[in-house]
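1. Got a sequence here, can you model it:
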Amino acid sequence: MSAVLRVPVRILLLVLAVLGLLAAQAWSAGPARAAGAVVYDSIPGTPPPSYPSLGYQASQTAEFGDLVELAGTNRIASTVTVGMVSWACQSGAWNLGTCAFDNAQPTTFDHPITLNVYEEGTPGPGALLASITDTVAVPFRPAVDAANCPAATPTQWYDAGAATCQNGYYFTHTWDLTAANLTLPDRVVVSIAFNTNTWGYTPMGAPGNYDSLNVAVISTTPTTGTDVDTDTMYWAGGRAPLAFEADSGWQNPSPQFGLSLRIDATAPAAGGGGGGASGPSLANTGGTVNPLAVGIAAGVVVLGAVLARVGFRRRPAHRA
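-> Numbering: from 1, shown residues only. Modelled structure (predicted):
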């Protein structure tokens, strides 16, 4: 007589399924993504209702940017947020004092806006590291408020929270750079480019709300990171052919000018590296995981439990 193990087919299928599941989980768990951190920030927690701003159509601009130095050590680009200012009216015209706003009508208009990130360079920036164009929902500014903002020709809207009258309306847009898998250098030039009626790298060729779209220009010191040269911005405009180059004289009369800007980045993988074609960097949270070994080990435990329950069944040995 000899003992022969007989395990029902359904039990074998169950064991194989568990093995596959455990191996898949071990494979997918992997190391966790590192937490992000702000490496440059000149946007206050509670921004003002508006900022001084550069109008691309009015100032004959195609692209405008700033050279900044990042804080900390996180360098895998995550997001970039830029502050802009809309003078666009839903109906009427701000300069005529006829700007109106109706919540029953569309409160935004769409326009493609490009974020560019370059290496440091002079007179123009260095290599282009990333260029992302988003279709941005640009808000219309509020209606004129002649009662709170009296003038010979009232053009401004009233912000009750700040108790101030403004022509422009400040807003921000965030570009997601995670898919670019970009390792940032310590210094970068960040810029905004878009087209208006007669300006831009490819002018629209017709007037539109985008002619009243501006980029915020601030005079406050960033809370994280450093504005490398407070007197110099990067600018393309005012002449043909367009050349995006360092342009001085922006400090006078204010103590500082710069972009309203926030840059968020994550840490590279433990042991260095990051960026490149190998995919986003991940933080190393332990030793290397071998999914096959984990699956087999776990499967042995499960199989042992199954066998203990099923038991052995004997049958007569074959006779010659």
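2. what ranges of the chain fall below the confidence cut-off?
-> 1-35, 252-256, 269-320 (pLDDT under 70).
3. What segments of it are helices?
-> Using DSSP state H, the helices found in the chain span residues 9-29, 291-310.
4. is it true that Leu242 touches Thr61?
-> No: under the criterion of Cβ atoms under 8 Å, Leu242 is not in contact with Thr61, lying 9.5 Å apart. From N, CA and C alone the C-beta is placed, and that goes for glycine too.
5. quick one: which of those two has more around it?
-> A direct count of neighbours by other Cβ atoms under 10 Å for Leu242 and Thr61 places Thr61 higher, at 23 against 18.
6. my read: that one touches Gly237, true?
-> Yes: counting by Cβ under 8 Å, Thr61 touches Gly237, with 3.9 Å between them.
7. Need the residues touching each of these two.
-> Residues touching both Thr61 and Gly237 (Cβ atoms under 8 Å, 6 or more residues apart in numbering) are Trp199.
8. Need the overlap of contacts for Leu242 and Thr61.
-> Ala236.
9. Distance of Ala100 relative to Ala206?
-> Per Cβ to Cβ, to the nearest Å, Ala100 is found 22 Å from Ala206.
10. Equivalent analysis for Val39, please.
-> Separation of Val39 from Ala206 (Cβ to Cβ) stands at 40 Å.
11. Please state the offset of stretch 225-235 from the chain centre?
-> Stretch 225-235 sits 21 Å away from the centroid of its parent chain (Cα atoms, centre = their mean, to the nearest Å).
12. Which positions within it qualify as buried?
-> 225, 227, 229-230, 232-235 (16 or more other Cβ atoms under 10 Å).
13. which stretches of the stretch 1-150 of the chain form strands?
-> Counting by DSSP state E, counting those that start in this stretch, the stretch 1-150 of the chain has strands at residues 2-4, 36-41, 53-55, 61-69, 76-86, 108-119, 128-139.
14. quick one, which of these is nearest to Gly200?
-> Of all these, strand 61-69 sits nearest to Gly200, with 4.9 Å by Cβ to Cβ.
15. can you put the strands of the stretch 1-150 of the chain in CSV and add distance to Ile263?
-> Compiled in CSV, those are given as follows (distance: least, Cβ to Cβ, whole Å):
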stretch, distance to Ile263
strand 2-4, 69
strand 36-41, 4
strand 53-55, 20
strand 61-69, 8
strand 76-86, 5
strand 108-119, 9
strand 128-139, 12
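16. before we move on, the earlier item: show me which of Ala100 and Ala206 is the more surrounded one.
-> Ala100 (14 against 10).
17. and the two most separated of the buried residues of stretch 225-235?
-> Gly225 and Trp235 (20.9 Å).
18. Okay, domains of this structure per the record?
-> By the assignment in automatic domain parsing, the chain contains the domains 1-21+298-313, 36-267.
19. Need the winner for burial among those.
-> Of all the domains of the chain, domain 36-267 carries the top mean neighbour count, a mean of 18, counting by mean count of other Cβ atoms under 10 Å.
20. and that domain, how far from the chain's centre?
-> Using Cα atoms, centre = their mean, the offset of domain 36-267 from its chain centre is 15 Å.
21. So for it, first residue to last residue, what's the gap.
-> Across domain 36-267, the terminal residues are separated by 7 Å (Cα to Cα, to the nearest Å).
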